[in-house]
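Q: Provided below are the primary sequence and the corresponding predicted coordinates.
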2 protein chains.
Amino acid sequence: METISLKHYDIFAGPLDSGLPAFLAGLAYSRLFVTVDENTERHCLPRLQAALGGAPFALLRTPAGEQHKNLDTCRLIWQQLMEQEAGRDALLINLGGGVIGDMGGFCAATFKRGIRFIQIPTTLLAQLDASIGGKLGIDFFQLKNSIGLFQDPLAVFIDPAFLGALPAREIRSGFAEAIKHSLIADAAQWEQIRRISSLDSVDWGAAILPSLLIKKRIVEEDPWEKGIRKALNFGHTVGHAVESLALESDAPLLHGEAVAIGMVCEAYLSHRLLGLPLPEVEQISRFIIRIFGRHPIPPRHYPTLLALMRNDKKNEAGLVNFSLINPLGHACINQHCSPELIAESLDYYNALGNE
Amino acid sequence: METISLKHYDIFAGPLDSGLPAFLAGLAYSRLFVTVDENTERHCLPRLQAALGGAPFALLRTPAGEQHKNLDTCRLIWQQLMEQEAGRDALLINLGGGVIGDMGGFCAATFKRGIRFIQIPTTLLAQLDASIGGKLGIDFFQLKNSIGLFQDPLAVFIDPAFLGALPAREIRSGFAEAIKHSLIADAAQWEQIRRISSLDSVDWGAAILPSLLIKKRIVEEDPWEKGIRKALNFGHTVGHAVESLALESDAPLLHGEAVAIGMVCEAYLSHRLLGLPLPEVEQISRFIIRIFGRHPIPPRHYPTLLALMRNDKKNEAGLVNFSLINPLGHACINQHCSPELIAESLDYYNALGNE
């Protein structure tokens, strides 16, 4: 079992049953709760149960899907904790993807002013992204993660075995974060990533660690996102807006799929604003289109997207805030783009593959 | 203007216009929001506006009353912030009693993972109690403050002039906290307090400070309520349950009125469990009945009250947790009482004044 030690907690990577039992044995808690959704209850809970070796716990069931990452589901989680008379010394394990981790963590951090929680991310996206940084929250008012807070878990357990149960589309969605980590912080890693021809052949157990180390380095330098941590928002200003819009449609995008679109647009903005060479923008764009395919964005949706970006929580002083890149492997935070330029970047994305 | 410096922020006591303008001038923020309810909009906002001297702000209106300290009102506050496109660099002033302070603070601390806020408590209770300690939250599932977190404000401004607009019943409710502070930490102050014959003659501007200094000392010693800070829960285990129950009735009690009942019951428990001399219990009880009157608790409600106490967030390991006193002026935390003994303490309260 590999351990990545952060300032306030450890990430344990490896088979769950080789690390979790000893960790729990070292804790004093009154009751154990496990948050799941329909999917993780079926596909992941047996593995957790095996690792718990018969230790008693109560299940907190939630409906699966980003559309349920909201106050109503929090109400459901808090209510189940109340009904089961959970005390402040209860312990909560969040078993699932980003939705379960963000929302279950938020509920734990605000239940009776905070109970302890452990994250067991079961998707590639959550393992790569949500496992470091202590960001918790829910969507509100059509805006992703707009209600939330920062709070570290007691520990994170990353077991690559959970990825075996994931659909290929979910794996691809998580892969977007690995692409992002390389583009903002490690050009050499990007060189390796862009040579990947098929995601089926990747050994995720090995591939996750270098990407986690990039995120660790950035987050520890700036835990409250006052500066360089904003680099991690690359692709996410356009990406979040695209994701929010798609959430309301009959063809919702996964987070990483939206971020992939966002990275193409924001690579283009990096070219126009900062001079990132066009061949590199095209290298990024071609790779992303090859892996993720095309999801054209009808221009009639541009005004809605721009409105969503204006209300992004990353903004200050009324300007839409971007984290861009130049040179490749280096982030430039606090960049501002005009609405016209943002629309141009969406046009650039839409035109890809039409050549 | 008097200043009490806490670890992370200052409390300024005195006329608002002599301290707030300079404080705000030293801050960089994009937009200013002010949370009010119907009462503070009418009675307190003019004084704040005068102190702001024409600086622009947006009002966040909420319905008045503890029964609105809930998720629905949070939704309303967050939604108004969203609609007005508040960014992370917005500043929120909470102008009101404990409900506005706790709930407005909670909304600020969770909006876009946290915006800065200033507390301007306008009731005696909030000035004495909510101004120190960073406890924020809302009621949920019939339980007071059961959803919330710890987060310090940027500053607290305590202006005794606001108390002039308060009904006598509100003043009396706040006074319960001053009684509590003396009973748990300062027997000499209790000697002064118990000689008060009428609340009309008290100079609150002077009386607030010694009480605040007790709370400051306790909270700074134990900011996360792991130990001695629990002393502040004296009167609150029974008090919160009584308050929750009364909230559902047609004769709701103010917080301090419920805590006053709780202090009588818990002084009695202090006698039975710890040997607090009966004459002192009776001195406390007589004073509280003289100031607050009697609010008999029908024995048919005892089971509900006990169930509410069992689900109190202060509990650990399934036991109802009390902070009791003995000797007077000294708190003993983490005391546990049987349901029978708790019922006996309610009987003791009910029998008062019937002699």
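A: Received, thanks. Residues are numbered from 1 along each chain as shown, chains lettered A, B, ... in the order given.
Q: Look at the closest residue to residue A:188 other than its chain neighbours and give its secondary structure.
A: Using Cβ to Cβ, 6 or more residues apart in numbering or on different chains and skipping the chain neighbours, the partner closest in space to residue A:188 is residue A:329 (7.6 Å). C-beta coordinates here come from the backbone N, C-alpha and C atoms, glycine included. Under DSSP: H, G, I helix; E, B strand; the rest coil, the three-state class of residue A:329 is coil.
Q: Would you agree residue A:329 is in contact with residue A:182?
A: Yes. Residue A:329 is within contact range of residue A:182, at 7.3 Å (criterion: Cβ atoms under 8 Å).
Q: and for these two, which residues touch both?
A: Shared contacts of residue A:329 and residue A:182, defined by Cβ atoms under 8 Å, 6 or more residues apart in numbering or on different chains, are found at residue A:190.
Q: Which one of these two is surrounded by more residues?
A: The neighbour count for residue A:329 versus residue A:182, taken as other Cβ atoms under 10 Å in any protein chain shown, is higher for residue A:182 (22 against 16).
Q: which ones are touching the more buried one?
A: Residue A:182 sits next to A:189, A:190, A:192, A:193, A:211, A:214, A:329 when contact means Cβ under 8 Å, 6+ apart.
Q: now do residue A:259
A: Applying Cβ under 8 Å, 6+ apart, we find residue A:259 in contact with A:176, A:177, A:180, A:235, A:236, A:239, A:243.
Q: Also residue A:128?
A: A:174, A:177, A:178, A:181, A:208, A:211, A:212, A:215.
Q: Check residue A:135 too.
A: A:102, A:145, A:148, A:150, B:113.
Q: sorry, back to before: could the contacts of residue A:128 go into a markdown table alongside pLDDT, secondary structure and neighbour count?
A: Shown next, in a markdown table, are the contacts of residue A:128 (pLDDT from 0 to 100; DSSP: H, G, I helix; E, B strand; the rest coil; neighbours: other Cβ atoms under 10 Å in any protein chain shown):
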| residue | pLDDT | secondary structure | neighbour count |
| --- | --- | --- | --- |
| A:174 | 95 | helix | 27 |
| A:177 | 95 | helix | 24 |
| A:178 | 96 | helix | 26 |
| A:181 | 96 | helix | 26 |
| A:208 | 91 | helix | 23 |
| A:211 | 94 | helix | 26 |
| A:212 | 93 | helix | 24 |
| A:215 | 93 | helix | 23 |
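Q: tell me which of those is nearest to chain B?
A: residue A:215 (17.2 Å; Cβ to the nearest Cβ).
Q: wait, doesn't that closest one sit right on residue A:134?
A: No. Look at residue A:215 against residue A:134 with Cβ under 8 Å: they stay out of range, at 11.8 Å.
Q: Please parse chain A into its domains.
A: What automatic domain parsing lists as the domains of chain A is A:2-165, A:168-351.
Q: Around chain B, which positions in chain A sit nearby?
A: A:30, A:71, A:75, A:78-79, A:82, A:85, A:87-89, A:109-114, A:135, A:137, A:140-141, A:143, A:145-150, A:225, A:310-311, A:313-318 (Cβ under 8 Å from any Cβ of the partner chain).
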